[in-house]
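Quick check, what structure comes out for this input:
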Amino acid sequence: MNDLKSRALLFTFLIILALLVFAGCSGDSGVSDTKGDGNITDGTAGPSDSSSVKQDDTDDADSSPSVTTGIQDGGNSPEDNNYRNEGWDDKTLKILAIGNSFSDDAMTYLYDIAKAYGVDDVVLGNLYIGGCTLDKHHANAVRDAKEYTYYKNTDGVFKATQGASLLDGLRDEEWDIITMQQASGYSGVERSYSRLPSLIEYVNENKTNENAQLAWHMTWAYQSNSTHADFPKYDNDQMTMYNAICSTVNSQILTKDVYRLIIPSGTAIQNARTSYFGDTLTRDGYHMSDLGRLIVGYCWFSTLTGTDVEDIKYVPSSLFLSEEDKKIIVESVAGAAANPFAVSDSAYTEKEEFDLSGYREIKFEYIVGAYWNTTDPSSHSMPIRTAGNSKYFIATQLFTKNSLPAGSVIVLDSGWQYRPERWASFGSVQSSRPDPVSSALFMVTDEWWQGYSYRAFNISVLGNNKDITSDEDSAEALSHFRIYVPKDAEIEDDPGAIIFPDDGSEEAPDLSRYRRLSFDYTAGAYWNTTDSVNHSQLTKTADNSKYFVATQLFTKETLPAGSVITVDSGWQYRPERWDTFGKKQSARPSAVTTQSFTVTDEWWEGYECRAFNISVIGNSTDISSAEAAKEALSHFSIYVPEE
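Residues are numbered from 1 along each chain as shown. Alright, predicted model coming up:
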């Protein structure tokens, strides 16, 4: 009997032990957030060492996480909404983020914001793994895993160190503030925060500045049309996700006395979405656009330093902001500081239209079903037409500073975006790409052009998820992207500039139903429609006249739509144009090297006549003799339909 009782007691003990172990098992697996582009150069890692971290019973994920909605009271009363830093020394700011791509967005402009405010010593660090969850950070701490890319900024440029550990980042500097955040898809899932207490303990044990403050970054809800794999957790509803994030911060963060600083980025973004900015603050449905990054940067600086947001003045040269735009940013961040867990509606819901009366819209060449990628090892200087995602884009022609001068305005309609690709040296692979732009208006500046010889644009629906290759869809896409240049802009001569490089992808046109057109020409001469004196007559006596052969004038009747212009490799032509012959023009088209071009009604639209300057690429070969001119004309042909 005693033996039976002993066995029963042992059995009961084992059941209780099993239940206790099971109760400790919770958490969520990671989700991948794609990192945005940036100006990254190699750097060196901080000191490495080993340390200990409290281990939970398991690292297994909970397969059925719960999403909560509504605000729940925590240990720090939500009535006390002052989660900002009130004791900051305004000479030094050292911030380390234990994060992912959302902390990358938050820190994009933070260094420049701080410097513009007058902070002497700014040091930023970001321990980055795309889509990194709290579980993953905790596991990395347990194993001292060297799986982070450690981005550090001490001079305005983030430098990257691969293979860093969490400990490397913590011990690299005497940080003033250390921020944490949950992966975006799990930010509103309460059960995914179970490892946070151990992670906090690890950070506090290993930070080198015992007075370093811990801050929680409350991230933003996805864009309403986001295709992120985790959006279904929130029924693909932005406000459901936002409310879940607020509720989870109240129940999981405010209950922990260690977090006195709460950065309400998610609320600042949600506030801004109620303005005429609308739901257009991401570049892909979840990562911030440049404007979104600026709003979040203001929110970080204001929260972490206690600075009044109205005193923050920095605006990057890549953004053109009206006075009302700036007021929306201030209003959104100030509203988030006052009410971090509730949306404050904007007072600016109707945008004042930009006055374009002093501008004229320019036409440009483009390729449907193609995009530029300046970092592609093999196609860095060619439109990519055959990739699986080519159908989502329209690639514009190349622009130089002469054809797209400072003071020009790029206008974009809501729901669309463009990536302003750039080349420091055309023909060479570039180290980084600029992020897509979804801002309604951008003004080209000298700073935007600084260091670059060419620019081009990839136009797409916001999120790059709609096929726009049909005639109807491509026409709609182009109607949502417009370029205006000042009416009084002096568009200078642009020798050697090209519209599209010859990539050999165009099949030779079937010219069996065409006849080659004969035309008059003048050797040792060229047209220049922007010349104050010779805008409508040939320039024959200039030093560079010998490099060109000028054709006769053509009208739409003599060179109809459907005609084909061909040029051989190594040669180029500039298709000069007049809206009214006898009148000086404000701009000249760039030189063309594309081997085959079909004349369209759009090419003629708004112009009365055209003519061509033929030359060797680079405009450096004398072709003024009769023999040389004859050879030049053998490389340039015009074919018109037989009918």
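
Please make it C-alpha for all contacts and neighbour counts, starting now.
Will do.

residue contacts, the residue found closest to Leu196 once you drop the neighbours it is linked to in the chain?
Spatial nearest neighbour of Leu196, chain neighbours left out: Leu134 (6.5 Å); criterion: CA to CA, 6 or more residues apart in numbering. Contacts for Leu134 (CA atoms under 8 Å, 6 or more residues apart in numbering) come out as Gln181, Gln182, Ala183, Ser192, Tyr193, Arg195, Leu196, Leu199.

Checking the second one next. Helix, strand or coil?
The reference is to Gln182. At Gln182 the chain is in coil, as set by DSSP: H, G, I helix; E, B strand; the rest coil.

Distance-wise, check it relative to Ser101.
11 Å (CA to CA, to the nearest Å).

Of these two, which one has the most company?
When neighbours are counted by other CA atoms under 10 Å, Gln182 and Ser101 differ, and Gln182 comes out ahead with 28 against 24.

Thr133 is in contact with the more buried one, correct?
Yes - counting by CA atoms under 8 Å, Gln182 touches Thr133, with 5.5 Å between them.

host element of Glu627?
helix 626-634 (DSSP states H and E).

Determine the set of other helices and strands touching that helix.
Packing contacts for helix 626-634, counted by 3 or more CA pairs under 8 Å, 6 or more residues apart in numbering; DSSP states H and E, involve strand 609-616.

Show me what the helix or strand that contains Ala395 is in contact with.
If you go by DSSP H and E, Ala395 is part of strand 394-396. Contact with strand 394-396 is made by 364-372, 383, 456-460, 468, 474, as judged by CA under 8 Å, 6+ apart.

What are the phi and psi values at the most centrally placed residue in the chain?
By CA atoms, centre = their mean, the chain has its centre lying nearest to Asp435, at 1.8 Å. Dihedral pair for Asp435: phi -70, psi 160, per degrees, to the nearest 10.

in the protein, which spans are helices?
For the chain, the helices defined by DSSP state H occupy 2-23, 101-107, 110-117, 134-143, 166-172, 196-206, 238-252, 265-273, 290-305, 323-338, 446-449, 471-479, 601-604, 626-634.

which strands and helices sit next to the second one?
If I follow you right, that is helix 101-107. Judged by 3+ CA pairs under 8 Å, 6+ apart, helix 101-107 is in contact with strand 121-128, helix 290-305.

give me that answer again for 7 Å
Packing partners of helix 101-107 (3 or more CA pairs under 7 Å, 6 or more residues apart in numbering; DSSP states H and E): helix 290-305.

what's the average pLDDT for the helix it packs on?
What helix 290-305 shows for mean pLDDT is 96.

For stretch 546-561, give me every contacting residue.
Contact partners of stretch 546-561, identified using CA atoms under 7 Å, 6 or more residues apart in numbering, comprise 519-527, 599-601, 604, 608-615, 619-624, 629.

So among these, which ones count as buried?
Among the contacts of stretch 546-561, those classed as buried by 16 or more other CA atoms under 10 Å are 521-527, 599, 604, 609-615, 619, 622-624, 629.

looking at the protein, which helix or strand is least sure?
For the chain, using mean pLDDT, DSSP states H and E, the weakest element among its helices and strands is strand 41-42, scoring a mean of 32.

Kindly provide the distance from Glu605 to Asn613.
Counting by CA to CA, the gap from Glu605 to Asn613 is 20 Å.

Now the terminal residues of stretch 398-407, how far apart.
Span of stretch 398-407 from end to end, CA to CA: 18 Å.

Buried by neighbour count: which residues of stretch 197-206 qualify?
Under 16+ other CA under 10 Å, the buried positions of stretch 197-206 are Pro197, Ser198, Leu199, Ile200, Tyr202, Val203, Asn204, Asn206.

In JSON lines: those residues, plus distance to Gly266 and pLDDT.
As requested, the buried residues of stretch 197-206 are arranged in JSON lines below (distance: CA to CA, whole Å; pLDDT from 0 to 100):
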{"residue": "Pro197", "distance to Gly266": "23", "pLDDT": "96"}
{"residue": "Ser198", "distance to Gly266": "25", "pLDDT": "96"}
{"residue": "Leu199", "distance to Gly266": "23", "pLDDT": "97"}
{"residue": "Ile200", "distance to Gly266": "22", "pLDDT": "96"}
{"residue": "Tyr202", "distance to Gly266": "27", "pLDDT": "97"}
{"residue": "Val203", "distance to Gly266": "24", "pLDDT": "97"}
{"residue": "Asn204", "distance to Gly266": "26", "pLDDT": "96"}
{"residue": "Asn206", "distance to Gly266": "29", "pLDDT": "97"}
